[in-house]
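> From the sequence below, what's the structure:
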Amino acid sequence: MITIKEVNSKKDLKAFIKFPFKLYEDSESWTPPIISQELKTFDKNENPVFKDADARLFLAYQNNEIVGRVAAIINWLEVKNQDQKKMRFGWFDFIDDLNVSQALFNKVEDIGKSENLHFTEGPVGFSNLDKVGVVTEGFDVVSPMITWYNHPYYAKHYEAAGYKVEKGYIESKFPFKNVKPEHFKKAQVLIKRRYQLRALKFTKTKEVMPYVDKMFNLFNESYASLSSFVEITDIQKAYFKKKFISFVNPEYIKFVVDKDDNLVGFAIVMPSFAKAMQRAKGRLLPYGFYHILKAKKHSKDVIFYLIGIHPEYQNKGVHAVIFNEYYETFKEKGIQNCYRTPELEDNVAIHKIWKHFDPVVCRKRKTFRKNLL
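Next up is the predicted model:
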């Protein structure tokens, strides 16, 4: 007998967040989130996404034990402004029991139908800056802290519930030794001269802050053509600025501006925090901060989190300027491996940017869809 209970208390929310700690306790590839940060994600007074979105969280019980969870999400900007009648769902975890996953699917679908939405898609978060996708290949690779992980049986549960693949994502890696500066060193000089561009270098987080809003504006412009893109609002920009920028080494943030100081390209790279997060076991105290700060300073692996080029400058080689800046920084820091976060399989433009580095796909993901009409 499966019982579905909606999360309506702090106790239930903690149980919702802590369920994966039990589900993946024997997995060497799962990277646990920081519990306090997850609590803030679902705090309507903390996360401004709730000004434009709704989320209902559910726990599945069997014999008085939690065996699954799901977040049913509606992003009203997407539904009303883009006429995408989508019922989102994420934070979807469950034991290998089709009755459990089906009961949670049913709850999401019932909400979607009650709101006259046309289809469901998941796992996805509130926006494009959230985690995405079911892992379908690469289960033995340690997951970055900015992605979800799941057991190999997940995909069959989606298929059994009548879901079809909606989008494919790939994650790839390449050793830094694959980076040959001759592919961009001369080109970036010509590009900067031709378009009167310059690269900004940062050594302190406070130096980055005046440009962060411009970066999010450019993020909206450069990603607008991608499927399922939902614009980041002004209030969300402030939230993400507070949440993410302090995590990033300032020297790993690269901006390219024109002669009028307008931002035309940006990239954000993060140190790999996966091992540190595994050691922290979801808590910043007493030792979590230490492990994270140590990784921030000494990690020899980096993750390309975001890269964006203004539409007017796409296909003009601006990425060569960015890569040249990273090459010098990574060489100085002795970086060994570079990883890329999930990118749409059909985003041909982004894949072309990386071709000279001979990246190898290390993990694949899918989102799944089911029509409600």
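> quick one: the helices in this protein?
10-23, 35-41, 76, 98-114, 154-160, 185-195, 205-223, 234-244, 274-280, 288-298, 318-333, 348-353 (DSSP state H).
> Let's have those in CSV, adding mean neighbour count.
From N, CA and C alone the C-beta is placed, and that goes for glycine too. Listed next are the helices of the chain as CSV, based on neighbours: other C-beta atoms under 10 Å:
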stretch, mean neighbour count
helix 10-23, 16
helix 35-41, 16
helix 76, 12
helix 98-114, 18
helix 154-160, 17
helix 185-195, 15
helix 205-223, 17
helix 234-244, 15
helix 274-280, 20
helix 288-298, 15
helix 318-333, 20
helix 348-353, 13
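> Distance to I146 added to those, as a markdown table?
As requested, the helices of the chain are exported to a markdown table (distance: least, C-beta to C-beta, whole Å):
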| stretch | distance to I146 |
| --- | --- |
| helix 10-23 | 15 |
| helix 35-41 | 12 |
| helix 76 | 25 |
| helix 98-114 | 23 |
| helix 154-160 | 19 |
| helix 185-195 | 28 |
| helix 205-223 | 15 |
| helix 234-244 | 9 |
| helix 274-280 | 10 |
| helix 288-298 | 14 |
| helix 318-333 | 18 |
| helix 348-353 | 17 |
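> which one of the ones you listed lies closest to M1?
helix 98-114 (9.0 Å; C-beta to C-beta).
> do you know how far N262 is from M215?
12 Å (C-beta to C-beta, to the nearest Å).
> can I assume E115 is in contact with K86?
No - counting by C-beta atoms under 8 Å, E115 does not reach K86; the two are 10.3 Å apart.
> what about these two, which has more around it?
Between E115 and K86, K86 has the larger neighbour count (other C-beta atoms under 10 Å), namely 23 against 15.
> okay, the more buried one: pLDDT?
Note on K86: pLDDT of 96.
> likewise E231?
83.
> That one against N220, yeah?
Yes - at 5.0 Å, E231 counts as touching N220 under the criterion of C-beta under 8 Å.
> Does T367 touch G122 like I think?
Yes - if you go by C-beta under 8 Å, T367 and G122 touch, sitting 6.3 Å apart.
> quick one, which of the two is more surrounded?
G122 (28 against 21).
> Which residue, neighbours along the chain excluded, lies closest to the residue nearest the centre of the chain?
The residue lying closest to the centre of the chain (C-alpha atoms, centre = their mean) is K131, at 3.9 Å. Nearest residue to K131, sequence neighbours excluded (C-beta to C-beta, 6 or more residues apart in numbering): W148, at 4.7 Å.
> returning to what we had before: now do the contacts for the residue nearest to the centre of the chain.
90, 123, 125, 146-148 (C-beta atoms under 8 Å, 6 or more residues apart in numbering).
> try it again with 6 Å
125, 147-148 (C-beta atoms under 6 Å, 6 or more residues apart in numbering).
> Pick the one among the residues you listed closest to K331.
T147 (27.1 Å).
> and the closest one, backbone torsions?
Per-residue torsions, T147: phi -130, psi 160 (degrees, to the nearest 10).
> Now it: closest residue in space that isn't a chain neighbour?
According to C-beta to C-beta, 6+ apart, the nearest residue to T147 is K131 (5.5 Å).
> Can you show me the strands along the stretch 51-200 of the chain?
Counting by DSSP state E, counting those that start in this stretch, the stretch 51-200 of the chain has strands at residues 53-62, 65-75, 86-94, 119-122, 134-137, 164-175, 198-200.
> May I see these organised as JSON lines, with distance to F273 added?
Listed next are those as JSON lines, based on distance: least, C-beta to C-beta, whole Å:
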{"stretch": "strand 53-62", "distance to F273": "25"}
{"stretch": "strand 65-75", "distance to F273": "23"}
{"stretch": "strand 86-94", "distance to F273": "20"}
{"stretch": "strand 119-122", "distance to F273": "25"}
{"stretch": "strand 134-137", "distance to F273": "19"}
{"stretch": "strand 164-175", "distance to F273": "16"}
{"stretch": "strand 198-200", "distance to F273": "25"}
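> so which of those comes closest to G334?
strand 164-175 (12.4 Å).
> next one: the closest one to chain centre, how far?
Chain-centre distance of strand 164-175: 12 Å, with C-alpha atoms, centre = their mean, to the nearest Å.
> Enumerate residues external to it that contact any of its residues.
121, 133, 337-340, 342, 345, 357, 359, 361-369.
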